[in-house]
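**Q** structure, please.
(one chain, ligands or ions: 1)
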Amino acid sequence: MTNAKLQSLPWQEELLSSLEVGIVVLNEHFQVVVWNQFMENHSDIRPAQICGQSLFAHFDDIDENWLRAKAEPVFNLQTPVFLIWEQRPYLFKFGSNRPITSDSATMYQNVTIFPLITTDDGRVDRLCMLVYDVTDQAVGKLRGERLNEELQYMSRIDGLTGLYNRRYWQERFDAIYKLSRRRDSNVTALMLDIDHFKKINDTYGHQAGDKVIQTLATVIQQCIRETDLAGRYGGEEFALVLPDATAQEALLVAERIRTAVLNTQVQHDTHTICFTVSLGLAPFSQQTRTAMAWLEQADMALYDAKASGRNMALVYTG
Ligand SMILES: Nc1nc2c(ncn2[C@@H]2O[C@H](COP(=O)(O)OP(=O)(O)OP(=O)(O)O)[C@@H](O)[C@H]2O)c(=O)[nH]1
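**A** Reported below is the predicted structural model:
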């Protein structure tokens, strides 16, 4: 079955030309025997230019060793092989004819490679590749995945501050609690609350209050490690967990946050707003039976800090 033979059967040639599928027949030396209209249209290579020549001479971005290894079972075991876009977006680097706004500049392809027997002794001496354009399907799936990732991100993040929201923070905190029990690690939980926040809202308005909350979130992020976990726990209440930190080490972080807040001013309209925070800390202990109980200890220390005059950080003492 050579190109010359195909030309002698016009209806077959017409059939192959009208297919929206690439058809490539290769011999044992990976020389092209058939190159249909689809392949010509997308590669700008005419059959006369490529037939009788090595495929790799025209497509130097196809890894020769890889394709030969892939095709081995087709020749030796007479079994088909499938290349799917999820594993390798394309075999032939063709441009996609989708609109400019489309997600893909190149055509995604699924490729089926199956054996052809043209010898009298039943040996496979040719293989046929069917190249399917699956760009629409691939772009749709990739968009769906990206959308899912965005939705997952949004479901974890607090819209006002960009920190983790309460639900997701709690989920991560529970996991850290379980890990700490197993490893008996030094981890400290921290609760933080803005002092007299109601007064800020009442004096400057809710928008100003929001700005204060956002500014505090930025300050917190600047004062902690990447491995620390910060979340917005309630309106003006934040929860943190500091892995690899004893109570004393976490207290240094808490003091860093407290002083940074003292040195922060929030501009709103013509006003300059200053505020303070109170912090409560609780180191992990094997005696603490649940994650919730651990967090409550930090909350009790926070309550003590508030009761002792605010603008301070205290460690839970039991
Ligand atoms: N602007 C703004 N205010 C909020 C938000 N969430 C809660 N609040 C307000 O935060 C205030 C919290 O007040 P309180 O719980 O009485 O505490 P506080 O005034 O900070 O007093 P102390 O904690 O005892 O220092 C309430 O007025 C809530 O309406 C929010 O997202 N934005």
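**Q** need the contact list for Val24.
**A** Contact analysis of Val24 by C-beta atoms under 8 Å, 6 or more residues apart in numbering lists Val32, Val34, Trp35, Asn36, Met39, Leu55, Cys128, Met129, Val131. In short, each C-beta sits where N, CA and C put it, glycine included.
**Q** quick one: buried residues of the strand or helix carrying it?
**A** If you go by DSSP states H and E, Val24 is part of strand 21-27. Buried residues in strand 21-27, counted by 16 or more other C-beta atoms under 10 Å: Gly22, Ile23, Val24, Val25, Leu26.
**Q** okay, now Asn36: neighbour count?
**A** Using other C-beta atoms under 10 Å, Asn36 is surrounded by 23 other residues.
**Q** just to revisit the earlier point, between the buried residues of strand 21-27, which sits nearest the ligand?
**A** Gly22 (57.3 Å; C-beta to the nearest ligand atom).
**Q** how much space separates that closest one from Cys128?
**A** From Gly22 over to Cys128 the distance is 11 Å, taken as C-beta to C-beta, to the nearest Å.
**Q** ditto for Ile84
**A** For Ile84, the distance to Cys128 - C-beta to C-beta - is 17 Å.
**Q** now His29
**A** 15 Å.
**Q** okay, those two: which has more neighbours?
**A** Per other C-beta under 10 Å, whichever of His29 and Cys128 has more neighbours is Cys128, with 18 against 7.
**Q** spell out the secondary structure type for that one.
**A** Using DSSP: H, G, I helix; E, B strand; the rest coil, the structure places Cys128 in strand.
**Q** beta partners for it?
**A** Beta-bridge partners recorded for Cys128 (DSSP bridges): Val25, Phe114.
**Q** show me what from the stretch 51-200 of the chain comes close to the ligand.
**A** Within the stretch 51-200 of the chain, the residues that sit near the ligand (C-beta under 6 Å from any ligand atom) are Asp193, Ile194, Asp195, His196, Phe197, Lys198.
**Q** tell me which of these fall in helices.
**A** Of the positions in these, Phe197, Lys198 sit in helices, assigned by DSSP state H.
**Q** burial count for the closest residue to the ligand within the stretch 1-150 of the chain?
**A** Among the residues of the stretch 1-150 of the chain, Glu150 lies closest to the ligand, at 23.1 Å counting by C-beta to the nearest ligand atom. Counted by other C-beta under 10 Å, the residues lying close to Glu150 total 10.
**Q** what's the single longest helix in the chain?
**A** Max-length helix for the chain by DSSP H is helix 135-156.
**Q** rewinding a little: pipe the residues of the stretch 51-200 of the chain next to the ligand into CSV and attach neighbour count per row.
**A** Formatted as CSV, those follow (neighbours: other C-beta atoms under 10 Å):
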residue, neighbour count
Asp193, 21
Ile194, 21
Asp195, 18
His196, 14
Phe197, 18
Lys198, 11
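**Q** for the residues of the stretch 51-200 of the chain next to the ligand, give me JSON lines that also has pLDDT.
**A** Below are those laid out as JSON lines (pLDDT from 0 to 100):
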{"residue": "Asp193", "pLDDT": "98"}
{"residue": "Ile194", "pLDDT": "98"}
{"residue": "Asp195", "pLDDT": "98"}
{"residue": "His196", "pLDDT": "97"}
{"residue": "Phe197", "pLDDT": "97"}
{"residue": "Lys198", "pLDDT": "97"}
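**Q** what does the pLDDT read for Asn3?
**A** Listed pLDDT for Asn3 reads 47.
**Q** quick revisit: closest to Gly231 out of the residues of the stretch 51-200 of the chain next to the ligand?
**A** Set against Gly231, the nearest of these by C-beta to C-beta is Asp193 (13.4 Å).
**Q** hang on, the closest one packs against Glu236?
**A** Yes: with contacts counted by C-beta atoms under 8 Å, Asp193 reaches Glu236, the gap being 6.2 Å.
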